[in-house]
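> I'd like to go over a predicted model; first the sequence, then the structure.
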Amino acid sequence: MNYTSFIVKIVKEPEQSFFQNNTVVTEMLVKFIPTRKKNLNIKDTFQISIWENSSYETIKYYQLYDYIVIEGYISLRPSFLSSGQTSQTDKQIEISVFKHYPFLLI
């Protein structure tokens, strides 16, 4: 089971995209809240995708540096190198968010 919840900080402005079948998605880069012990081997930033009606709420209410609680499904995607090729060894975390709540709005 890969359903999870996190408290994260928005570190890149939310970007909204529309598909041909009128499906809307908001994508943004978020960061884990720092822990007391910093483990340098863990990447603390990752991409989240918020779909449909929740996508509109995200654009309307949340902005850069807000803290939010997210619930959703984790998936691993291949990392893209600066040359546009995919890396077979590194994986990038992406979470498809189904629920989100404000935690600390700046």
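Thanks, I have the structure now.
> Specify the beta-bridge partners of Phe18.
Note on Phe18: beta-bridge partners by DSSP bridges are Val24.
> tally of neighbours for it?
Neighbourhood size, Phe18 [other CB atoms under 10 Å]: 10. Every C-beta, even on glycine, is put in place using the N, C-alpha and C of the backbone.
> Can you get me a residue count around Glu71?
As a burial measure, Glu71 scores 14 neighbours (other CB under 10 Å).
> So it versus Val97, what's the distance?
As defined by CB to CB, to the nearest Å, Glu71 lies at a distance of 7 Å from Val97.
> now do Gly72
Distance check for Gly72 against Val97: by CB to CB, it reads 4 Å.
> anything in contact with each of these two?
Both Gly72 and Val97 are in contact with Ile48, where contact means CB atoms under 8 Å, 6 or more residues apart in numbering.
> Which strand residues bridge the closest residue to Asp44 other than its chain neighbours?
Spatially, and ignoring its direct neighbours in sequence, Asp44 is nearest to Phe32 (4.6 Å; CB to CB, 6 or more residues apart in numbering). Going by DSSP bridges, Phe32 is paired in beta bridges with Val8.
> Phe32 is in contact with Val11, isn't it?
No: assessed by CB atoms under 8 Å, Phe32 is found out of contact with Val11, at 10.4 Å.
> That's all I had, so thanks and see you.
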